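Chemist: got a sequence here, can you model it:
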Amino acid sequence: MPNMFLTICLLVSPAFGFLHPLIGSLSDKWGRWPFIFGLGLAAATALAATPLSLAVASLGWLLAIVLYGVADTAHDLLTTPTRAQMNDVFETSQAERRIALGGGLGRVFASVCCTLMSREAAFGTVGGVIMLFTLSQLAVRKVV
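Modeler: Next comes the predicted model:
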């Protein structure tokens, strides 16, 4: 991938930041599950496919940027209904602690995968874990 295009990856998610209030409003109206599932599936699939795109001749780097942008944007948008779901289930301060702990452990896990595995295996493993936790989030029932 040409180095001058690497920064484009970092611009995709902020460009779609305006969707957070819309996702929040729609998840309040129609429920959290469709948004958690759809965004989790998009993030996991795009993340797992990102390193495979580099095998595509000539414009594989462009496909990698698009896939990484989808993964990053879906992951960022996923935080809106997921945080709301946590606040639905737990008291606010407890929900915030759980969110912070989960995010921190997820970053450590992803970093360990990137250190110990090949690029394809790390992206696939982290994508699979994202999907596993997305599906487990769908099993949560309101306990308040």
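Chemist: show me which residues of whichever strand or helix holds Leu67 are buried.
Modeler: Using DSSP states H and E, Leu67 sits in helix 60-89. Neighbour counts using 16 or more other Cβ atoms under 10 Å place 63-78, 80-82, 84-86, 89 of helix 60-89 among the buried residues. C-beta coordinates here come from the backbone N, C-alpha and C atoms, glycine included.
Chemist: can you tell me the average pLDDT over the next helix or strand after it?
Modeler: Sequence-wise, the next helix or strand downstream of helix 60-89 (DSSP H and E) is helix 92-116. Helix 92-116 shows a mean pLDDT of 90.
Chemist: can you give me the buried ones in the following helix or strand past helix 92-116?
Modeler: Once the chain leaves helix 92-116, the next helix or strand it forms, by DSSP H and E, is helix 119-138. By neighbour count with 16+ other Cβ under 10 Å, helix 119-138 contains the buried residues Ala122, Phe123, Gly124, Thr125, Val126, Gly127, Ile130, Met131, Thr134, Gln137.
Chemist: report all helices and strands that helix 119-138 contacts.
Modeler: If you count contacts as 3 or more Cβ pairs under 8 Å, 6 or more residues apart in numbering; DSSP states H and E, helix 119-138 packs onto helix 33-53, helix 60-89, helix 92-116.
Chemist: and the first one, what other elements does it pack with?
Modeler: This points to helix 33-53. Taking 3+ Cβ pairs under 8 Å, 6+ apart as contact, the helices and strands that helix 33-53 lies on are helix 19-30, helix 60-89, helix 119-138.
Chemist: excluding its backbone neighbours, what's nearest the residue nearest the centre of the chain?
Modeler: Closest to where the C-alpha atoms of the chain average out (Cα atoms, centre = their mean) is His75, at 2.3 Å. Spatially, and ignoring its direct neighbours in sequence, His75 is nearest to Ala43 (4.4 Å; Cβ to Cβ, 6 or more residues apart in numbering).
Chemist: mind listing what that neighbour touches?
Modeler: Val70, Ala71, Ala74, His75, Leu78, Gly127, Ile130, Thr134 (Cβ atoms under 8 Å, 6 or more residues apart in numbering).
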